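Undergrad: build me a structure from this.
(one chain, ligands or ions: 1)
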Amino acid sequence: MKLKATLLAGAAVLLPVLAQAGDLTVGFSQIGSESGWRAAETTVTKQQAKERGLTLKFADAQQKQENQIKALRGFIAQGVDAILLAPVVATGWDQVLEEARDAEIPVILLDRTVDAPQELYLTAVTSDLVHEGAVAGQWLVDAEAGEDCRIVELQGTTGSSPALDRKKGFEQAIADHPNLKIVRSQTGDFTRSQGKVVMESFLKAEAPGSICALYAHNDDMAVGAIQAIKEAGLQPGKDIKIVSIDGVPDAHLAIAHGEMNATIELTPNMAGPALDALEAYLKDGTAPPKWIQTESRLFTAKDDNMAIYEEKKTLGY
Ligand code: GZL
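TA: Numbers count the residues shown, from 1 in each chain. Sure, this is the predicted structure:
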């Protein structure tokens, strides 16, 4: 299980035993299954582990940080070779990350970051979350072209790095455009059901026809909001423009049907770059950069969204 450092006779150099991936056991603390994107990340991570012949111990935290901390302690006690962690929120990790460090077990963050000293994790594989918010904001700036637009915002999980950073990026992008105003902003916790409920409350609270656009921190909340907009007798994508993030199949389907306007794609394959970095580190101590950035790409009605939908729906979302 845990690689034992071996003193090479005569070399007097402490080196990790050069193990093949097949010998490795990796613990993966996953947040849960709150969104289609999260489900795809889990599918891809299990595929990546299988392809590399490593043993993946999977723990679903059902959105609770205490369950993630418990899982990490379990992995440490079992002496796994490494830990993958998708941290549900950004704070409260220092203690358990110090325990992993003291046990000489490298931790790699997936798709979200933590407010902890960088030496407590090997690397973080994430998109540029601020940039994603800025791309969404810039899309709306261009779409509105100076017209007044009252925006409602569905935030991700409170205290999570994507919720904090996607909000920051969007606000930066619209800061110099006083015609664009966020009039209501509330968490929908990255889920379809909460996205629908919160959008219903926005529609009830605002004067009829006064909401011009929705910015959702992920597609699942946007898809839930589309249902609420339709039930209010309005046309999503026309009466209320919708821009979101993830690029899940149903977002491409909604854009193809004119019910959504834009999404910024987030790859569900964070595990590939993470396991590449881990194998290089365990092989010869190669230290990866503290941030491995994944690409973000804007999709709009100009793209062949039906073809993309057909292709993506086979990928485990
Ligand atoms: C972002 C990731 C977010 C996705 C959501 O990197 O953490 O979590 O955008 C998911 O779909 O819930």
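Undergrad: C-alpha only now, for contacts and for neighbours.
TA: Noted.
Undergrad: so is residue 245 in a helix, a strand, or just coil?
TA: At residue 245 the chain is in strand, as set by DSSP: H, G, I helix; E, B strand; the rest coil.
Undergrad: just to check, it is in contact with residue 219?
TA: Yes: Residue 245 is within contact range of residue 219, at 5.6 Å (criterion: Cα atoms under 8 Å).
Undergrad: neighbour-wise, which of these two wins?
TA: Counted by other Cα atoms under 10 Å, residue 245 and residue 219 do not tie: residue 219 has more neighbours, with 34 against 30.
Undergrad: got the contact list for the more buried one?
TA: Contacts for residue 219 (Cα atoms under 8 Å, 6 or more residues apart in numbering) come out as 244-248, 250-251, 263.
Undergrad: make JSON lines out of the residues you listed and add distance to the ligand.
TA: Listed next are the contacts of residue 219 as JSON lines, based on distance: Cα to the nearest ligand atom, whole Å:
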{"residue": "244", "distance to the ligand": "9"}
{"residue": "245", "distance to the ligand": "6"}
{"residue": "246", "distance to the ligand": "5"}
{"residue": "247", "distance to the ligand": "9"}
{"residue": "248", "distance to the ligand": "9"}
{"residue": "250", "distance to the ligand": "12"}
{"residue": "251", "distance to the ligand": "12"}
{"residue": "263", "distance to the ligand": "11"}
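Undergrad: now tabulate the residues you listed in CSV and tack on pLDDT and distance to residue 133.
TA: Output for these, formatted as CSV (pLDDT from 0 to 100; distance: Cα to Cα, whole Å):
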residue, pLDDT, distance to residue 133
244, 98, 9
245, 98, 8
246, 98, 11
247, 98, 14
248, 98, 17
250, 98, 20
251, 98, 17
263, 98, 11
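Undergrad: which of those residues are buried?
TA: Buried subset of the contacts of residue 219 (neighbour count, 16 or more other Cα atoms under 10 Å): 244-248, 250-251, 263.
Undergrad: partner strands of the strand or helix carrying residue 56, with direction?
TA: Assigned by DSSP states H and E, residue 56 falls within strand 55-60. Each strand paired with strand 55-60, and its direction, by DSSP bridges: strand 25-30 (parallel).
Undergrad: quick one: contacts of the strand it pairs with?
TA: Strand 25-30 is contacted by residues 1-2, 42, 54-61, 68, 71-72, 75, 80-87 when judged by Cα under 8 Å, 6+ apart.
Undergrad: switch the cut-off to 7 Å
TA: Contact with strand 25-30 is made by 1, 54-61, 68, 71-72, 75, 80-86, as judged by Cα atoms under 7 Å, 6 or more residues apart in numbering.
Undergrad: out of those, who's near the ligand?
TA: Among the contacts of strand 25-30, proximity to the ligand is found for none (Cα under 6 Å from any ligand atom).
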